[in-house]
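Trainee: curious how this folds, go ahead:
(one chain, ligands or ions: 1)
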Amino acid sequence: MSSDPLRIGILASGSGTNLQSIIDFCEEEKIHAKVVCVVSDNADARALTRAKEHGIDAVHVAFNSKKRQQCDEKITAVFEERDVGLVVGAGYMRLLCSEFVLHWKGRLINIHPALLPSFKGVDAHGDALLYGVKISGCTTHFIDEKMDHGPIILQAAVPVFMQDSKESLAKRVLQAEHQILPRTIDLFEKKRLSIEDRVVHIKAGDDSWKHRFPTLGDVLYSEGY
Ligand code: GRF
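Mentor: Numbers count the residues shown, from 1 in each chain. Presented below is the predicted three-dimensional model:
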């Protein structure tokens, strides 16, 4: 790999296990990328500590509902100073303003813990259990102006069991998140993603992660994984 690694900026509000999976894939050189900065709206986020543990810049940008645009401008400045090429929402629990979305259009992705367009929003697992679905999962997508709405990149379908609680379902789905999010970054870095209308086309390759890395039993991975 001769080119410079893709420089990633992460947005995270919580424990940062998705962040950790990205860091691990980068450090193990399974993807040609590098996390250069983690921004959180939550000063106590474990995600910030994880960043520091790996020598990655960790920045707290406080959220202020009356000054959303300024907050997001601050985030853009933090990422631009570090020459970020891809912004990844990895458990960021705030809506980004349309100026931010427009600025990073095509270089801004997110992971959501449900099979979109089902169960958008902050309580995807609770909503999935209440609805009684038997299969849930996770989705990576480009971010657009609407919440959990932009063009879908990868999905993984994960079984829901009768005895599941929100926590047990979240834990099962997270395992798949930790696979499809790094793979999504890999596809982006390899310039294999293009968007037509709202459909993401994935340029074929011969490097399926289904064959490269261990898969999870009972999980169905979408094309491109
Ligand atoms: C993940 O399930 C993510 O999809 C959702 O919030 C959770 C964050 O988990 N938006 P973590 O902080 O990556 O551990």
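Trainee: what stretches of this structure score poorly on pLDDT?
Mentor: The chain contains residues with pLDDT under 70 at 1.
Trainee: quick one, domains of it?
Mentor: Split into domains by automatic domain parsing, the chain comes to 1-104, 111-225.
Trainee: I figured Val59 hits Val78, correct?
Mentor: Yes. Counting by CB atoms under 8 Å, Val59 touches Val78, with 5.2 Å between them. All C-beta atoms are positioned from the backbone trio N, CA, C, and that covers glycine.
Trainee: any shared contact partners between the two?
Mentor: Taking CB atoms under 8 Å, 6 or more residues apart in numbering as the criterion, Val59 and Val78 both touch Cys37, Val39.
Trainee: in this structure, which residue sits nearest the ligand?
Mentor: Nearest residue of the chain to the ligand (CB to the nearest ligand atom) works out as Gly91 at 2.7 Å.
Trainee: got the buried residues for stretch 184-202?
Mentor: For stretch 184-202, a neighbour-count test (16 or more other CB atoms under 10 Å) marks Thr184, Ile185, Asp186, Leu187, Phe188, Glu189, Arg192, Leu193, Val200, Ile202 as buried.
Trainee: try stretch 42-49
Mentor: With burial defined by 16+ other CB under 10 Å, the residues of stretch 42-49 counted as buried are Asn42, Ala45, Arg46, Ala47, Leu48.
Trainee: need phi/psi at the first one.
Mentor: It stands for Asn42. Dihedral pair for Asn42: phi -120, psi 110, per degrees, to the nearest 10.
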